[in-house]
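Novice: Provided below are the primary sequence and the corresponding predicted coordinates.
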Amino acid sequence: MTQTITIDPVTRLEGHGKITIQLNGQGEVEDAHFHVTQVRGFERFSQGRPFYEMPSLMARICGICPVSHLIASAKACEAIMAVRIPHTAAQLRRMLNLAQMVQSHALSFFYLSSPDLLLGMDSDPAMRHIFGVVGAKPELGRAGIALRRFGQHIIELLGNKRIHPGWVVPGGVTEPLAAAKRDEILAMLPEAYAGIKLALIAYKQIADTFKPEIEVFANFPSLYMGLVNEDDSVEFTDGALRLIDAQGNVVEDGITANRFTEVIGEAVEPYSYTKFAYYKPLGYPEGSYRVGPLARLNIAKTMGTPLADVELAEFKQLAVGPVQGSFHYHHARLVDILYGIEKIEQILTDPLILDKHVRAVAGVNRLEGAGQAEAPRGTLHHHYKVDENGLITWANLVIATGQNNNAMNKGVLQAAKHYVKDGKFTEGMLNRVEAVVRTFDPCLSCSTHAFGQMPLAVSLLSADGEVMDRVIRS
Amino acid sequence: MSEAVDVKTLQINGHEVSALRGQTILQVARENDIDIPTLCHLDGLSDVGACRLCLVEIKGSNKLLPACVATVYEGMEVTTDTERLQKHRKTILELLFAERNHICSVCVSNGHCELQSLAQQEGVTHVRFPYRNPELTVDASHERFTVDHNRCVLCTRCVRVCAEVEGAHVWDVMGRGINSTIITDLNDNWGESSCTRCGKCVQVCPTGALFDKSKIGSDHPKYPDFLPYLNEMREAQ
């Protein structure tokens, strides 16, 4: 008799998702899917809106990474305006994007994943949350909260708002940086450095104890894509995309935003509202690739900052060639944070950072434009078409989660096959299947949900849909 | 010899106040620092009593009167802030929000919008009516300005400033009732109309319906204070 195990909703993720695991008559896992169960409709309802409204409209997609949407969207608008923004504006945006990366990664690592990592995959679910971490490891818990505050506070200082700042506009930013704000950010750096160093040490101490999970948590060869600079250093805001294969060979390089659709296609599957991006020459699903912290570190040859470069060298020792295990996303995320703090410090010492010229003004000069940036969880691409008055006629967004979608599904299947035996499962096993998805830190088209308010329901269904067993974690 | 000044004495919210004949209740109230909310009224333009937010109670009358157009008389007893009036004002604001598509978070006027401020001031926390979500257009054909009908409250300030101050009368209202909409010329695109590109309509618009294309993002304060000054200077000539 075939059975289906449903994990709905998947907890400690951003947005709504569910997992179904199909068992065959022998109780072995036959297939597994990760479903994104919501539709948002931004691409449709933005039609008819003035293009310059797009950044603030698109930022509403997410409360965690609105800045990535602001930046990718503003860049798509700038392609329509055919302008290059002032140097200072580009630097300020870069800093804003890094600040968001730090806070989002801190949320992913400390709030969402560290309960699994620091307390254990099988620990009491009632205590497996950030408060449990703060209770068991107060210093680390505090460091996580402080890192998130660090990122959020920089966003607030620059954009006057922690979430959805209206500061990023097509052409640059609305206000230059004040010296007092720069000094305030500089004063916050020592605590941030201390926090991330503590987290890196703690993670490396426990990483070895997760060897069984590392083996089966979406651990397979794949392509990787991410932004890099011309000097092969990691990049979040400008640069161009590079695609490497599972051996680390460059498959495609210099993918600027307007070349993106030449190279990347999107497939749909009936079980999810999220699309599946793939590298066109290889087709779907063979051309599926991974993005995000793991991809960025696999692609970049240097971080471009001294402390993060030491960490990158150590990270690259985890494997010969690209690091293939998605569990290592956690490690990569911490290296990203360190890089972000260092880079913010570098940007603040730019002699032009307080320059008052931070905005270029232009009208509609092209009827189509695309922009891309690295969101914390991977490459984000916005592509718009407008009429001659600048009203949006068509929009398409390729988000990081869509680009990791195939890998997440394969990872869920890999872990389910490993952990579900003879049709039996435990809470700890289900948590591991969920934790595979958490390594990718997907943003399921939605913003934050209060942790702990959604129950996890697992049902065992017979072939004809009858509920055979049901476990509810409240 | 100058004409004798005709002074009227009346009460507003129990306070004895004096006024000149022909003054509106709103004028007298504001001279005496008594607040009456308004939306379609703007100093420097004629009044049309369209929005009904300035309704007040008059002793001895069952009718509520719009303070912007009702003139004072001797012995008048006006109340501006009763529970009934508050309820009506709140309802009017809720109906305005329900009528078209007002999405503050992505509006250029967020933080500078008179409709938004009034809603905050009058304690509108929810809209009890179903939103109509009409499909309305955006006209971005003008080189400098855009009109987004989703955000228009039909106050007609743009119509009045264009006709009365600029003297161009490009703006007007087309249709009736719920189908009313502001238009330029004979419902031509704004960019192809006889617009003089002065921008007064943008400055007097209380919401983000009319906005300057260069003020993108969310920071688009408007400065309608030029109107009384402009009128005064013209009269002096």
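Specialist: Thanks, I have the structure now. Numbering: from 1, shown residues only, chains lettered A, B, ... in the order given.
Novice: For residue 48, give me phi and psi.
Specialist: Just going to use chain A. phi 90, psi -10 (degrees, to the nearest 10).
Novice: Please refer instead to chain B.
Specialist: Taking degrees, to the nearest 10 as the convention, B:Val48 sits at phi -120, psi -10.
Novice: Could you check how far the closest residue to chain B within the stretch 151-300 of chain A is from B:Lys222?
Specialist: The shortest separation between the stretch 151-300 of chain A and chain B is 3.4 Å, found at A:Gly166 (distances taken as Cβ to the nearest Cβ). C-beta here means a position set from N, CA and C on the backbone, and glycine is covered the same way. From A:Gly166 over to B:Lys222 the distance is 17 Å, taken as Cβ to Cβ, to the nearest Å.
Novice: ok so, going back, hang on, the residue of the stretch 151-300 of chain A closest to chain B packs against A:Ser56?
Specialist: Yes: counting by Cβ atoms under 8 Å, A:Gly166 sits close enough to A:Ser56 to count as a contact (5.7 Å).
Novice: Where does pLDDT dip in the chain?
Specialist: Using chain A. Within chain A, the set of residues satisfying pLDDT under 70 comprises A:1, A:445-474.
Novice: oops, I was thinking of chain B
Specialist: Filtered on pLDDT under 70, chain B yields the residue ranges B:1-3, B:216-218.
Novice: Can you name the residues of it that neighbour chain A?
Specialist: Counting by Cβ under 8 Å from any Cβ of the partner chain, chain B comes close to chain A at B:105-106, B:108, B:110, B:137-141, B:143, B:146, B:148, B:191, B:213-214, B:216-219.
Novice: What subset of these is buried?
Specialist: Applying 16 or more other Cβ atoms under 10 Å in any protein chain shown to the residues of chain B next to chain A, the neighbour count classes B:106, B:108, B:110, B:138-141, B:146, B:148, B:191, B:213, B:216-219 as buried.
Novice: Dump the helix or strand that contains A:Gly151 to PDB, restricted to CA.
Specialist: Counting by DSSP states H and E, the element that carries A:Gly151 is helix A:138-159. The C-alpha coordinates for helix A:138-159 follow below in PDB (Å, rounded to 0.1, in the frame of the first residue of the first chain):
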ATOM      1  CA  PRO A 138      23.500  32.800  26.200                       C
ATOM      2  CA  GLU A 139      26.600  34.400  24.600                       C
ATOM      3  CA  LEU A 140      25.800  33.000  21.200                       C
ATOM      4  CA  GLY A 141      22.200  33.900  21.500                       C
ATOM      5  CA  ARG A 142      23.100  37.400  22.400                       C
ATOM      6  CA  ALA A 143      25.600  37.600  19.500                       C
ATOM      7  CA  GLY A 144      22.900  36.500  17.000                       C
ATOM      8  CA  ILE A 145      20.500  39.000  18.200                       C
ATOM      9  CA  ALA A 146      23.200  41.700  18.200                       C
ATOM     10  CA  LEU A 147      24.200  40.900  14.600                       C
ATOM     11  CA  ARG A 148      20.600  41.100  13.400                       C
ATOM     12  CA  ARG A 149      20.300  44.400  15.200                       C
ATOM     13  CA  PHE A 150      23.600  45.600  13.600                       C
ATOM     14  CA  GLY A 151      22.200  45.000  10.100                       C
ATOM     15  CA  GLN A 152      18.800  46.400  10.800                       C
ATOM     16  CA  HIS A 153      20.100  49.500  12.500                       C
ATOM     17  CA  ILE A 154      22.400  50.300   9.500                       C
ATOM     18  CA  ILE A 155      19.300  49.900   7.200                       C
ATOM     19  CA  GLU A 156      17.400  52.300   9.500                       C
ATOM     20  CA  LEU A 157      20.300  54.800   9.600                       C
ATOM     21  CA  LEU A 158      20.600  54.900   5.900                       C
ATOM     22  CA  GLY A 159      17.000  54.500   4.800                       C
END
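Novice: how about the next helix or strand after that helix, does it reach chain B?
Specialist: Next helix or strand after helix A:138-159 toward the C-terminus (DSSP H and E): strand A:168-169. Yes: if you take Cβ under 8 Å from any Cβ as the test, strand A:168-169 does meet chain B, through A:Val169.
Novice: quick one: strand A:168-169 to chain centroid distance?
Specialist: In this view, strand A:168-169 has its centroid 21 Å away from the chain centroid, taken as Cα atoms, centre = their mean, to the nearest Å.
Novice: can you list the residues that contact it?
Specialist: Applying Cβ atoms under 8 Å, 6 or more residues apart in numbering or on different chains, the contact partners of strand A:168-169 are A:52, A:55, A:67, A:70-71, A:74, A:93, A:96, A:159, A:359, B:216-217.
Novice: Now for those residues, which sits with the most neighbours around it?
Specialist: A:Val67 (32 neighbours; other Cβ atoms under 10 Å in any protein chain shown).
Novice: Confirm that that residue sits in a helix.
Specialist: Yes: going by DSSP: H, G, I helix; E, B strand; the rest coil, the assignment for A:Val67 places it inside a helix.
Novice: Which stretches in the stretch 351-474 of chain A count as helices?
Specialist: Shown for the stretch 351-474 of chain A, the helices assigned by DSSP state H, counting those that start in this stretch span residues A:400-403, A:405-419, A:427-439.
Novice: now do the stretch 151-300 of chain A
Specialist: Secondary structure of the stretch 151-300 of chain A (DSSP H, counting those that start in this stretch): helices at A:179-207, A:211-216, A:260-263, A:293-299.
Novice: Now mean neighbour count and distance to chain B too, for the ones you listed, in JSON lines please.
Specialist: Supplementary listing: the helices of the stretch 151-300 of chain A in JSON lines, determined by neighbours: other Cβ atoms under 10 Å in any protein chain shown; distance: least, Cβ to the nearest Cβ, whole Å:
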{"stretch": "helix A:179-207", "mean neighbour count": "16", "distance to chain B": "17"}
{"stretch": "helix A:211-216", "mean neighbour count": "15", "distance to chain B": "41"}
{"stretch": "helix A:260-263", "mean neighbour count": "16", "distance to chain B": "25"}
{"stretch": "helix A:293-299", "mean neighbour count": "28", "distance to chain B": "30"}
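Novice: Reformat those helices into TSV and put distance to A:Leu391 next to each item.
Specialist: What follows is the helices of the stretch 151-300 of chain A, written out as TSV (distance: least, Cβ to Cβ, whole Å):
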stretch	distance to A:Leu391
helix A:179-207	36
helix A:211-216	50
helix A:260-263	22
helix A:293-299	35
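Novice: circling back: between A:Gly166 and A:Ser56, who's got more neighbours?
Specialist: Each of A:Gly166 and A:Ser56 had its neighbours counted (other Cβ under 10 Å), and the higher figure belongs to A:Ser56 (26 against 23).
Novice: most centrally placed residue in the chain?
Specialist: You didn't pick a chain, so chain A it is. Nearest to the mean C-alpha position of chain A, by Cα atoms, centre = their mean, lies A:Arg377 at 1.2 Å.
Novice: my bad, the chain I had in mind was chain B
Specialist: Nearest to the centroid of the C-alpha atoms of chain B, with distances taken as Cα atoms, centre = their mean, sits B:Cys40, at 1.6 Å.
Novice: Now do the same contact list for it.
Specialist: Listed by Cβ under 8 Å, 6+ apart, the contact partners of B:Cys40 are B:47-51, B:53, B:68, B:155-157.
Novice: any idea whether it is helix, strand or coil?
Specialist: Under the three-state scheme (three-state DSSP), B:Cys40 adopts coil.
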